[in-house]
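J.: Sharing a model prediction with you, sequence too.
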Amino acid sequence: VSTQSTWGFIKMSRQKRDSNLVGYDDEDDYIIDSGDEEGHYEEEEEKGGVLTKEDIEKHYKSVREVVAGDATRKDILASLEKNKYDVGKAIEEIKKNIAEKEKKKKEAPAPIKKEEVKKQETKKEVPKKAIILEEEKKVVHKVHSASIEPPKDLNKIYPNVEYKCLAGLEEDKGNNISLVTIGHVDSGKSTLMGHFLFKLGYVTPTQMHQYEKESKILGKATFQFAYAFDETQTERERGVTINIAVKHFQLKDKNITIIDAPGHKDFIPNMISGAAQADCAILVIDSKKPAFEAGFLNKGQTKEHAILARCLGVTQIIVAVNKLDLHGWEEGVYTNIVNNVEPFLLSIGYKQESIKFVPISGLQGENLIENSKIPELTSWYKGPCLGDIIYSFKPLKKALNKPIRACVSDCYISSFDQIKGTCFSVKMEGGAIEEGNKLVLMPFKAECVVKGIMVNDEKKKFTMAGETAEIAVSLCEGIDATNIRGGAVLSSIEHCIYPVLAFRAQIVTFELHTPITLGYPIFLHCYSLKSQAKITKIEKSTCGLVEKKNPKSLMSNTHAVVIITAQDHVCLELYQNYHGLGRIAIRDSVGTLATGMIMELIKQHLFISDTCLLYTSPSPRDATLSRMPSSA
């Protein structure tokens, strides 16, 4: 197993979501209030010169998110330095300064003249983000809105496309694997993968020592490994993953992208966004008796996560039976979990040869990258360790000869040396993108030019289907980058994707809390897209041997063909053309109702204004998607 001693190689990209836990239940037993808001950063002074530019940038962004545009970058950095990089104290000081300024304005004897205001504004320091956007405008004026005619056939089969950059790369096509960790809340997903990276050398002892100190300050001493993924202060204080985190590591000759997804039911949309970027999954199960029943048997998130992952294209899955050390590595506990979980996974579409079980301890680090030597475990378990099973995963077949399709999961402004300016985080569903390519961003109908590409934290000349990448672009005038979020798609101008309002899909329903009727409001999920929609027609349904035409409602465990109409424009494709853009999940405020695939695109949407938002108002139980930090 190859190792990397420095953390800089790891991609620390995290898609920030709404910090407010919408619909969060304060009575959940896994929430532990620290009661120590003053001491979170009391030991930051000890680090002194250890603070890197990235660390300072993270602190700056945390403060900026709270104070928004009320303070300049210079003021924020000065306040952080004055308060020894204590984010909480810096925010309080800045807010106090802002309040004093407002008070002075109100007490002023006379209003300031316009000429004086203009002079003062010219002296103000321009924030770094504004400088970047100003630099982009010098280039952007050359990029124009795309003049694309509506297609005559929305459901055409695309021709094969050859890419010069892919010539002679056949032997490297199978070296990239995307992996997502899923499972019920508090099953130990972040701790497991944090310890995994630590054993591989991607988390240094110095970093781990710092995580250990921070976890003790918050009263969560066993969470130190989870801090490698749970970066935000909210996550660390509450002891629960909210956002998805993406990192990279190598196992021998394979490049692995690991996506840590949240387990709480309120953050299922974030989990869907993470699973949509993955080829394989690790389903982490807490082997403790009450925890296993809560997650698997009592309508916990274990089953729903497994179903959603399968719907989103995951075909290979590892079931990691975690915390088995608390049972003294008892074989009976492991066997009971296998006997319950395996039949369920088979019933939802996973194949027997694609399901692997492994007993582990994420906190103790047993059976992770090398076989355990504990006699209580080795006496009955003779299989491979977790790392060996991950290495045995077979990469999925990629649509390398299809027209370009890059699903945007987020847009952010980067100030890093490798790529600067407006950047997209994308999952490549088809084709290849090179530097200098002219692409069109749908549904904004905006041309853009690719300025830079990063894959696995390395600057590349191109990226191809199956990879997750960061792409820096020059956008055409009139497009506000802050309005671009998950759900947009980059495609070639010659074979462009078109937004639609309605489509026909073949779906299968799960256990429903209420029948699905015509006009039933739903949330439509596909890759990183989330949109409000309605089921406007049920053409036929099949339940057992009973088939009905034009039924008025759908019951549990029913196969059906329906027409779904979205409230907003959505970029979708036939399942036959692109599997990732043709799989859908249907949810409401309670849970997942059905999954399916797109059979036909019906109604094209007229192009809308460039400043529209892709996301409609979410359910109170669903977390929203937000910005991604430039640490990506």
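T.: Thanks, I have it.
J.: Look at Glu353 and say how many residues are nearby.
T.: Counted with other Cβ atoms under 10 Å, residues neighbouring Glu353 total 7. For glycine as for every other residue, the C-beta is placed from the backbone atoms N, C-alpha and C.
J.: What are the buried residues along the top helix by length along the chain?
T.: Assignment by DSSP state H gives helix 87-107 as the longest helix of the chain. Under the neighbour-count criterion of 16 or more other Cβ atoms under 10 Å, helix 87-107 has Val87, Gly88, Lys89, Ala90, Ile91, Glu93, Ile94 buried.
J.: and what of stretch 159-168?
T.: Under the neighbour-count criterion of 16+ other Cβ under 10 Å, stretch 159-168 has Val161, Tyr163, Cys165, Leu166 buried.
J.: ok, what's across the strand from the residue lying closest to the third one once chain neighbours are set aside?
T.: Counting by Cβ to Cβ, 6 or more residues apart in numbering, Cys165 lies nearest to Phe462, which is 4.3 Å off, once chain neighbours are set aside. Per DSSP bridges, residues listed as beta-bridge partners of Phe462: Glu434.
J.: Could you check how many residues crowd around Phe462?
T.: There are 19 residues near Phe462, going by other Cβ under 10 Å.
J.: any idea how far Ala594 is from it?
T.: Distance from Phe462 to Ala594, counting by Cβ to Cβ, to the nearest Å: 38 Å.
J.: Repeat that for Ala320.
T.: 28 Å.
J.: of the two, who's got more company?
T.: The neighbour count for Ala320 versus Ala594, taken as other Cβ under 10 Å, is higher for Ala320 (28 against 25).
J.: ok, that one - contacts?
T.: Leu192, Ile282, Leu283, Val284, Ile285, Val358, Ile360, Gly362, Leu386 (Cβ atoms under 8 Å, 6 or more residues apart in numbering).
J.: Helix, strand or coil: sort out it for me.
T.: The assignment at Ala320 comes out as strand when based on DSSP: H, G, I helix; E, B strand; the rest coil.
J.: Just list whatever residues bridge to it.
T.: Bridge pairing for Ala320 - DSSP bridges - gives Val284, Val358.
J.: Run through the bridge partners of Ala446.
T.: Ser145, Leu441.
J.: burial count for it?
T.: Using other Cβ under 10 Å, Ala446 is surrounded by 22 other residues.
J.: next one: Leu386
T.: Neighbour number of Leu386 under other Cβ under 10 Å is 23.
J.: got it, and His513?
T.: For His513, using other Cβ under 10 Å, the count is 9.
J.: do the same with Ile586
T.: That count, for Ile586 with other Cβ under 10 Å as the rule, works out to 24.
J.: Can you classify it as helix, strand or coil?
T.: Per three-state DSSP, the secondary structure class of Ile586 is strand.
J.: What's the separation between it and Phe503?
T.: Ile586 is 12 Å from Phe503, by Cβ to Cβ.
J.: list the residues that contact both of those two?
T.: Ile564.
J.: what helix or strand is Ser556 on?
T.: Element membership of Ser556, judged by DSSP states H and E, is empty: it is in no helix or strand.
J.: pLDDT score for it?
T.: Note on Ser556: pLDDT of 90.
J.: And the one 4 residues further on, by the same measure?
T.: According to the predicted model, the pLDDT of Ala560 comes to 93.
J.: I am assuming it contacts Ile535, so please confirm or correct that.
T.: No. Using Cβ atoms under 8 Å, Ala560 makes no contact with Ile535, being 9.2 Å away.
J.: now Val180, what's its secondary structure?
T.: strand.
J.: quick one, what contacts it?
T.: Counting by Cβ under 8 Å, 6+ apart, Val180 touches 258-261, 274-275, 277-278, 280-282, 309, 314.
J.: All the strands of the stretch 251-400 of the chain, residue numbers only.
T.: Listed in chain order, the strands of the stretch 251-400 of the chain (DSSP state E, counting those that start in this stretch) span 254-260, 280-286, 316-322, 355-359.
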